[in-house]
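Trainee: Sequence plus predicted model, see below.
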Amino acid sequence: MPDHEWFCARTGAEIEAMASVVGDAPDISAPVATCPEWTIADLARHTGLVHRWATEIVSSRASSRIPFPDADSPWESADGWAQWLAAGAVPLLDALRTAGPDAACWTWGPDGSAGWWARRMLHETAVHRCDVSMALGQAPLVEPVTAADGISEFLANLPSSRRAARHLASLPAGESMHLHATDEMDGAGGEWLIRFADGGVDWSHGHAKASAAVRGPVGVLLLFTYGRVPPSDPRLEVFGDPSVLTSWQTNTAI
């Protein structure tokens, strides 16, 4: 897994990229299909507030959950939202770098450390940057190392997600799903085997036969894993029982 500084640097780059996409939006009230009931402005606001929430948690070394922040919405233009989103980057990255990866603090997932937040903020921002891009009719790209780590991070945090955890028992017990990246990846890092059992999921890297398999570029696999693109996306190849994939996307949305 990449180191703490890599996560910090990539988070900064993703915040800058998302701010740029938001700033280019011709209509910030346009709906975001991959985040139902949200507009581009709503998504910018949510992401910027998550950054500010994480900044406070890490900088204060909070030992328990602190209230999610709120903010007025005076930004009437796409450029205003973009500037506000970008403004959260420096405090966040300063907090993460000052703390270092091992500083103890509250997290909603496993591994209560500042390092967990650095990794989470990268993938939170990357996926929401893709949400905005798709709302604008674009086909976003996530570079392979980020995308591969994003899949693993999603799987590691899934049982701790308040939104998804209550639905995991609805996954078809005994079935499994295999993800296979077609990018050049080191070792088995580009393959994931996910088994549904005991009301949850178990996963590991590697190649094995599964009830259903999805093969394609790792950036698209990341978006599939998050439910942002369907199994029918032409960039993906699907094998086995498609109902397993439908169940995955229905019951793991976060």
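Mentor: Arrived safely, thanks for sending.
Trainee: Show me how this structure divides into domains.
Mentor: Dividing the chain into domains by automatic domain parsing, as the record does, gives the ranges 4-140, 148-251.
Trainee: May I see the ones you listed arranged in TSV, with mean neighbour count and mean pLDDT as well?
Mentor: (C-beta placed from N, C-alpha, C; glycine too.) Formatted as TSV, the entries for the domains of the chain read as follows, by neighbours: other Cβ atoms under 10 Å; pLDDT from 0 to 100:
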stretch	mean neighbour count	mean pLDDT
domain 4-140	18	95
domain 148-251	17	93
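Trainee: All the strands of this structure, in order from the start?
Mentor: 176-181, 191-197, 200-205, 212-216, 237-240 (DSSP state E).
Trainee: Out of those strands, which is closest to residue 78?
Mentor: Using Cβ to Cβ as the measure, strand 212-216 is the one of these that comes nearest residue 78, at 31.6 Å.
Trainee: Run through who's touching that closest one.
Mentor: Taking Cβ atoms under 8 Å, 6 or more residues apart in numbering as the criterion, the residues outside strand 212-216 that touch it are 175-182, 221, 224, 231, 233, 235-242, 244-245.
Trainee: Repeat the analysis, applying 7 Å as the threshold.
Mentor: The contact list for strand 212-216, computed with Cβ atoms under 7 Å, 6 or more residues apart in numbering, reads 177-180, 182, 221, 224, 231, 235-242, 244-245.
Trainee: cool, stretch 180-195 as well?
Mentor: Defining contact as Cβ under 7 Å, 6+ apart, one finds that stretch 180-195 is touched by 144, 148, 151, 155, 176-179, 201-208, 210, 213, 215-218, 221.
Trainee: Please give the centre-to-centre distance between that stretch and its chain.
Mentor: Stretch 180-195 sits 18 Å away from the centroid of its parent chain (Cα atoms, centre = their mean, to the nearest Å).
Trainee: try stretch 236-243
Mentor: Worked out by Cα atoms, centre = their mean, stretch 236-243 lies 23 Å from the chain centre.
Trainee: And it, end to end?
Mentor: In stretch 236-243, first residue to last residue: 16 Å (Cα to Cα, to the nearest Å).
Trainee: any idea where the helices of the stretch 101-250 of the chain begin and end?
Mentor: Assigned by DSSP state H, counting those that start in this stretch, the stretch 101-250 of the chain shows helices spanning 114-135, 144-157, 162-165, 218-225, 242-251.
Trainee: bridging residues for the closest residue to residue 237 other than its chain neighbours?
Mentor: Using Cβ to Cβ, 6 or more residues apart in numbering and skipping residues adjacent in sequence, the residue nearest residue 237 is residue 215, 4.3 Å away. When bridges are assigned using DSSP bridges, the partners listed for residue 215 are residue 180, residue 237.
Trainee: Against residue 153, how distant is residue 215?
Mentor: Distance of residue 215 to residue 153, given as Cβ to Cβ, to the nearest Å: 21 Å.
Trainee: ok, now residue 82?
Mentor: Counting by Cβ to Cβ - residue 82 and residue 153 are separated by 26 Å.
Trainee: Could you do residue 147 as well?
Mentor: For residue 147, the distance to residue 153 under the criterion Cβ to Cβ works out to 11 Å.
Trainee: likewise residue 95?
Mentor: Between residue 95 and residue 153 the computed distance is 19 Å (Cβ to Cβ).
Trainee: In contact with residue 122, which residues are there?
Mentor: Under the criterion of Cβ under 7 Å, 6+ apart, the neighbours of residue 122 are 7, 10-11, 14, 146.
Trainee: show me what contacts the closest residue to it other than its chain neighbours?
Mentor: With Cβ to Cβ, 6+ apart as the measure, residue 11 is the residue that lies nearest to residue 122, at 4.5 Å, once sequence neighbours are left out. Contacts for residue 11 (Cβ under 7 Å, 6+ apart) come out as 93, 118, 121-122, 125.
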